[in-house]
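sharing a sequence plus its predicted fold:
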Amino acid sequence: MSDDGGLWLLLLGPTGAGALYWALYRYYRNTDKSHAFERETTVEARPVTGSDVKVDRIEGTRQSRIRGENTSAWRARVRRVEPPPDQQLAGREAGDG
Amino acid sequence: MANTQSPPRPVPPQGPGSPQDVPPEPGSFPLDPATLPPPIRDEVLAPDPEAIDTASEELKDGANRCPKCGATEIRQKPGTDELICLYCRNEWTARRVEEEFGLGEGLDELRGTVIASGARDIAADARDLMSFQCGGCGAEVTINTANAMTARCHWCRHVLGVNEQVANGAVPDAVLPFHIRKDDAVARIRQFVDKRRLFALKEFKDQFTPENVIGVYLPYMVVDANASAGVAGQGEIETRRYTRGSGNDKKTYYDADIYQVERALAFTVDDLPLESSRERGRLDTRVNTNNIINTILPFDTKNAVRWNASYLAGFSSEKRDADVEALRPRLEDQLLSIARAKVTDSVRRYDRGVRWEQEWLDVRGTRWVAMYLPVWLYSYHQPGRNGGLLHYIAVNGRTGETMGSVPVQQWKLLTAALTVGTFLEGIALWILAGTS
């Protein structure tokens, strides 16, 4: 085993202690809970429309994910803009190749 | 309603727990319980109090039970609008607002802001004046509460007590009667706390008396909305993955295509509940545990009945103090969250993920109905800085969903965490010693 790998192993104790503290604290205090309105409310939606336009490419990045990914952080607001005039995005059914 | 001019930007509710965090799945635990020491594992794996899914058939049938005995043998009393329980002869008015106001219909055609009478703005000069609805004959009796707290109905001589008081301008349109009885609520709270005893504050455990739970009608706005929303951002699809270097210097590199991604959808939302008490609506887990009461939402609001003060007999209630416009930013925030959650499935092909940068919302129509919803509340005040912290354990008075905040004995939890950490560190050192 390399020296580098050995040093990483030393983090096992502090990480385990921290994770257990954090998990049990939340289990008792439930500070992470709130109304899951996204899945517990009756929502009827028409099919999602949209467009996908290739604009650029990157080569040789070391990041395995896009920077600032927020697909599942849907409660965190991003910049709010005015609705487009027609509100109908020209385009195909979303997700098409 | 089209946003033709620049509307004021909503201020989203801030703070951890409220909020901007998507809550985990019910019953999930961030660590694998199998890896935990047995006493902790047993607590975590103990069964949760059972809750009825509001989408379940049991509540969908619209069975409104007799508020007195719980029986469903209910018939219309001939010649009147009153209902009578054939089991205990209890009589009351119980018409579902859903049918009466046509609340579940025409969500697609909803335009503008439709406000039910009970959800209208609270008149600033009418706070002291309260109107009492006589439980005996239904007459409205107005009284200035600045100098009197009881009144006798001038029609039927029925005495109106504080349990039947309703505030002017804050009388809701509908009330959802309690379905879970007190002994049931006590059992659920006990079960909830029994799962969290090992590291609970000693004083909390010593003083734990779930029989002190109180039934409270809390004020909510139940909102239907017709909206469309859209998002725009960038997504990346991996085209190539390769490694360079060798040995310890081996590094992985990626090539990817970048796309400009836009999504839009039109949707309707049925019966979204929002706290219409400013204090209850302030979710901030650093200073309160209101997120606990927020978590036991939703209710089967379809079964709410037209407002009748007699439902409040024996229960306490809180008054609404927020108007529709004050709640609109919160509604818009939640509508945007719903839209963002709904478009997630349509961007799965971006295997390196999507970064949303812009979003828009066009609310075409909303319908606001004020309701009193039933909650069993148990509270414990933990002394501390800035007045301490009030911990709630709440039981949904209809579905039985239970959530709570149990104060933690910090030294015990720290000791447990450090013990486990030391044990793991010991294993790490043992492995290192074995390999060197």
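Structure's in. What do you need? It should be emphasised that the depicted structure is a prediction, and the values quoted were computed from it without experimental measurement.

residue ranges in chain A under the pLDDT threshold?
For chain A, the stretches flagged by pLDDT under 70 are A:1-6, A:87-97.

isn't B:F29 up against A:L24?
No: applying Cβ atoms under 8 Å as the test, B:F29 and A:L24 come out as separate, 9.4 Å apart. No exception for glycine: its C-beta is placed from N, CA and C like everyone else's.

more neighbours: these two, which one.
A:L24 (25 against 15; other Cβ atoms under 10 Å in any protein chain shown).

okay, and B:W356 sits in which element?
Element membership for B:W356 (DSSP states H and E) is strand B:354-382.

strand partners (parallel or antiparallel) of that strand?
In the sheet, strand B:354-382 lines up against strand A:79-80 (parallel), strand B:112-115 (parallel), strand B:174-175 (parallel), strand B:214-244 (antiparallel), strand B:389-396 (antiparallel) (DSSP bridges).

will you turn these into CSV that also has mean neighbour count and distance to B:E275?
Shown next, in CSV, are the strands paired with strand B:354-382 (neighbours: other Cβ atoms under 10 Å in any protein chain shown; distance: least, Cβ to Cβ, whole Å):
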stretch, mean neighbour count, distance to B:E275
strand A:79-80, 13, 23
strand B:112-115, 14, 17
strand B:174-175, 26, 16
strand B:214-244, 20, 6
strand B:389-396, 23, 12
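
among those strands, which comes closest to A:L10?
Closest to A:L10 of the strands paired with strand B:354-382 is strand B:214-244 (Cβ to Cβ; 27.0 Å).

how distant is the closest one from the center of its chain?
Mean-position distance between strand B:214-244 and its chain equals 18 Å (Cα atoms, centre = their mean, to the nearest Å).

am I right that B:L418 is in a strand?
No: going by DSSP: H, G, I helix; E, B strand; the rest coil, the assignment for B:L418 is helix, not a strand.

got a list of what it touches?
The neighbours of B:L418, taking Cβ atoms under 8 Å, 6 or more residues apart in numbering or on different chains as the test, are A:A17.

which parts of the helix or strand that contains B:E279 are buried?
B:E279 is part of helix B:278-281 when elements are defined by DSSP H and E. For helix B:278-281, the neighbour count (16 or more other Cβ atoms under 10 Å in any protein chain shown) marks B:R280, B:G281 as buried.

show me the helices in chain A, by range?
With DSSP state H as the criterion, chain A has helices at A:3-10, A:12-29, A:37-40.

among those helices, which is nearest B:R240?
helix A:3-10 (27.5 Å).

how far out from the middle of the chain is stretch A:70-77?
6 Å.

same question for stretch B:254-264.
36 Å.

so where is the stretch 1-150 of chain B shaky, pLDDT-wise?
For the stretch 1-150 of chain B, the stretches flagged by pLDDT under 70 are B:1-20, B:50-66, B:70-84, B:93-95, B:101, B:104, B:122-136, B:141-150.

picking that back up, so which elements touch the helix holding B:E279?
Applying 3 or more Cβ pairs under 8 Å, 6 or more residues apart in numbering or on different chains; DSSP states H and E, we find helix B:278-281 packed against helix B:290-295, helix B:324-343.

okay, these in CSV with distance to chain A and mean pLDDT next?
Converted to CSV, those look like this (distance: least, Cβ to the nearest Cβ, whole Å; pLDDT from 0 to 100):
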stretch, distance to chain A, mean pLDDT
helix B:290-295, 4, 92
helix B:324-343, 3, 93
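
most neighbours per residue, which of those?
helix B:290-295 (a mean of 25; mean count of other Cβ atoms under 10 Å in any protein chain shown).

which elements pack onto that helix?
strand B:251-275, helix B:278-281, strand B:389-396, strand B:402-404.

mind doing that once more with 7 Å?
Other helices and strands packing on helix B:290-295, by 3 or more Cβ pairs under 7 Å, 6 or more residues apart in numbering or on different chains; DSSP states H and E, are strand B:389-396, strand B:402-404.

can you name the residues in contact with the first one?
So that's strand B:389-396. Identification of contacts with strand B:389-396 by Cβ atoms under 7 Å, 6 or more residues apart in numbering or on different chains yields B:51, B:180, B:185, B:188-189, B:192, B:288-289, B:292-293, B:296, B:299, B:375-382, B:402-407.

go again with 6 Å.
Residues from elsewhere that reach strand B:389-396 (Cβ atoms under 6 Å, 6 or more residues apart in numbering or on different chains): B:185, B:188-189, B:289, B:292-293, B:296, B:375-382, B:402-405, B:407.

which positions within the strand holding B:W356 qualify as buried?
Going by 16+ other Cβ under 10 Å, strand B:354-382 has these buried residues: B:354-357, B:359-380.

do stretch B:197-207 as well
B:L198, B:F199, B:A200, B:L201, B:F204.

secondary structure, distance to chain A and pLDDT for these - can I get that in CSV?
What follows is the buried residues of stretch B:197-207, written out as CSV (DSSP: H, G, I helix; E, B strand; the rest coil; distance: Cβ to the nearest Cβ, whole Å; pLDDT from 0 to 100):
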residue, secondary structure, distance to chain A, pLDDT
B:L198, coil, 9, 92
B:F199, coil, 6, 94
B:A200, strand, 7, 94
B:L201, coil, 9, 94
B:F204, helix, 10, 94
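
B:A187 and B:I180: what is the separation?
Using Cβ to Cβ, to the nearest Å, B:A187 is found at 10 Å from B:I180.

between those two, who's got more neighbours?
Remark: of B:A187 and B:I180, B:I180 carries more neighbours, 23 against 17, as counted by other Cβ under 10 Å.

residue contacts, the more buried one?
Counting by Cβ under 6 Å, 6+ apart, B:I180 touches B:G397, B:G400.
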